[in-house]
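Asker: Sequence and predicted structure are below.
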Amino acid sequence: MYSNRSFEADKTPEIREYAEELFDHFKDEDGKLDEGYVFDDEVDVSELHHQMFNTDYYIIGYNRATDWLGSDAFEAIGLVVDYESDHYGEVHTDLTDPERVVNMVAYIIGEQVLYDIVDSYLSEIGDDSNE
C-alpha cells in the first residue's frame, strides 16, 4: 500500500476548511443539521459525504488542478490508486486528468475529515441540549 502522510497532512487543513464551509450549508437557521441527513438520532455521514464531495467539484480547471497538485502529483495519484483499489477493487479515476485526480483526493480526504466534523457537531449540539 502506497501512502505519503506528509502529502495528506499538507492538504487536509485546506480540505477540512472547505468541508466545514459546506457542512454549514446543510444546517438550518438554528444551526441544526437538515433532517434529511439524520436518522434515529444518527447522522448519515455517507450521504452527507456524497452530497458534499460527489455532486460538485473541489477544483475546476486543468491549470488550477495542476497548480494545486504541484510537485505532489505522484503522491496524489498513489493516494487515489490505493483508495480505489481498496474500496472498488480497481481504479476508476482517469489518472491522466489532473482535475479528476484533485477532486478524487478531495473526496478521499473529505471523507476522513467529515467524520471529525460530524463528531464535533454532535458534541456541540449535545452540549447545547444539556444547558
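Answerer: Structure received. Numbering: from 1, shown residues only.
Asker: can you give me the strands for this protein?
Answerer: The residue ranges that make up the strands of the chain, judged by DSSP state E, are 38-39, 42-43.
Asker: Not counting sequence-adjacent ones, nearest residue to Met125?
Answerer: Actually, residue 125 is Ile. It isn't Met. Closest residue to Ile125 apart from its sequence neighbours, by Cβ to Cβ, 6 or more residues apart in numbering: Lys32 at 7.2 Å. Where C-beta positions appear, they are placed from N, C-alpha and C, glycine not excepted.
Asker: That neighbour and Ser120: what is the separation?
Answerer: Relative to Ser120, Lys32 is positioned 15 Å away (Cβ to Cβ, to the nearest Å).
Asker: Please apply the same query to Val113.
Answerer: In this structure, Val113 lies at 10 Å from Ser120, with Cβ to Cβ as the measure.
Asker: How about Thr55?
Answerer: Using Cβ to Cβ, one gets 23 Å for the distance from Thr55 to Ser120.
Asker: what residues are up against the one residue sitting closest to the centre of the chain?
Answerer: Compute the mean C-alpha point of the chain, and by Cα atoms, centre = their mean the closest residue is Gly110, 1.3 Å away. Contacts for Gly110 (Cβ atoms under 8 Å, 6 or more residues apart in numbering) come out as 15, 18-19, 49, 52-53, 58.
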